[in-house]
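> Below is the sequence, then the predicted model.
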Amino acid sequence: MPDDLTLPPRPDFFPAPGGALPQHWSKCFGCGDDQPAGMAMTFTAGEGLEVSGRLTVAQRYQGGPGVIHGGILSVAFDEVQGMACMVLGGPVVTGHLEIDFARPIPLGSVLEFRARIDGMVRRKVYTSAEARIVEGPTAGDTVVATSRGLFLTIKPEHFAPMADFVDGVPVSPFGTSSL
Ligand SMILES: CCCCCCCCCC(=O)SCCNC(=O)CCNC(=O)[C@H](O)C(C)(C)COP(=O)(O)OP(=O)(O)OC[C@H]1O[C@@H](n2cnc3c(N)ncnc32)[C@H](O)[C@@H]1OP(=O)(O)O
């Protein structure tokens, strides 16, 4: 990470710790409630710049025998670290994401993710997160995976060239939500 990073303030519009965060996009595979094939992750604000996310590891997320697929875990980190950027009040996209898979995660587990902004410079937002199993046969305080990600702030027009490809009508695009 660069040396000249700064931290954004926690804005007044952000929910109090424990408060639910809105979906950034109702059609999102990671969190959208208008996406039946999706992962239905949920998020809450934490202390300071921290955000928590939850994922129930469904049977269909299987990669190796009995364990979560690494790509699914990567989606979850992408999502929670992106949501940590919501304190900025505008949209971001992922530029770079790296995951360390530290322990096997059995199907049926409930994972809790904690993510935060570590610092930013210009449009670059450096984030990190870790995951623990909070329900299931191997639940405990052990960190089972970690992630670091670089997000870039973008203008809403970033998505304009994709407008013709949107699947259906989203009900909660970030920026018009109740946040
Ligand atoms: C708050 C809302 C909640 C959102 C939750 C969302 C969760 C899900 C998020 C996603 O999955 S988003 C979908 C996956 N990502 C994408 O589709 C992004 C595709 N890539 C792009 O559109 C462009 O490459 C990108 C906008 C990321 C950057 O292009 P730009 O032309 O806007 O930026 P530019 O290339 O000028 O780079 C700006 C700075 O970022 C740096 N940079 C860009 N990409 C980088 C990269 N991959 N790695 C390292 N640095 C990178 C670049 O070096 C430069 O650094 P400096 O300011 O120091 O000069």
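Yep, that arrived.

> And the closest residue to residue 166 other than its chain neighbours, which helix or strand is it part of?
Leaving aside its sequence neighbours, residue 166 sits nearest to residue 27 (CB to CB, 6 or more residues apart in numbering; 7.2 Å). No exception for glycine: its C-beta is placed from N, CA and C like everyone else's. Using DSSP states H and E, residue 27 sits in no helix or strand.

> what about residue 27, distance to the ligand?
12 Å (CB to the nearest ligand atom, to the nearest Å).

> For burial, what's the neighbour tally of that residue?
The number of residues packed near residue 27 is 19, by other CB atoms under 10 Å.

> List the contacts of it.
Contacts for residue 27 (CB atoms under 8 Å, 6 or more residues apart in numbering) come out as 34-35, 166-168, 170.

> Retrieve the pLDDT associated with it.
pLDDT recorded at residue 27 is 89.

> Pretty sure residue 32 sits against residue 39.
No: the pair residue 32 / residue 39 is not scored as a contact, 9.1 Å apart, by CB atoms under 8 Å.

> Look at the closest residue to the ligand within the chain and give its secondary structure.
Using CB to the nearest ligand atom, the closest approach of the chain to the ligand is made by residue 82 at 2.6 Å. Following DSSP: H, G, I helix; E, B strand; the rest coil, we place residue 82 in the helix state.

> Now for it: which residues touch it?
24, 92, 94, 151.

> now these in JSON lines, with secondary structure?
Shown next, in JSON lines, are the contacts of residue 82 (three-state DSSP):
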{"residue": "24", "secondary structure": "coil"}
{"residue": "92", "secondary structure": "strand"}
{"residue": "94", "secondary structure": "strand"}
{"residue": "151", "secondary structure": "strand"}
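
> Which members of the residues you listed additionally contact the ligand?
Restricting the contacts of residue 82 to those within reach of the ligand (CB under 6 Å from any ligand atom) leaves 24, 92, 94.

> before we move on, the earlier item: quick one: the residue of the chain closest to the ligand and residue 31, what's the gap?
Distance from residue 82 to residue 31, counting by CB to CB, to the nearest Å: 9 Å.

> Overlap of the contact sets of the two?
In contact with both residue 82 and residue 31: residue 24, using CB under 8 Å, 6+ apart.

> could you pull out the strands for the protein?
Assigned by DSSP state E, the chain shows strands spanning 42-45, 51-56, 92-101, 110-121, 124-135, 143-153.

> So which of these has the densest surroundings on average?
The highest mean neighbour count among these, using mean count of other CB atoms under 10 Å, belongs to strand 51-56: a mean of 22.

> Much appreciated, bye for now.
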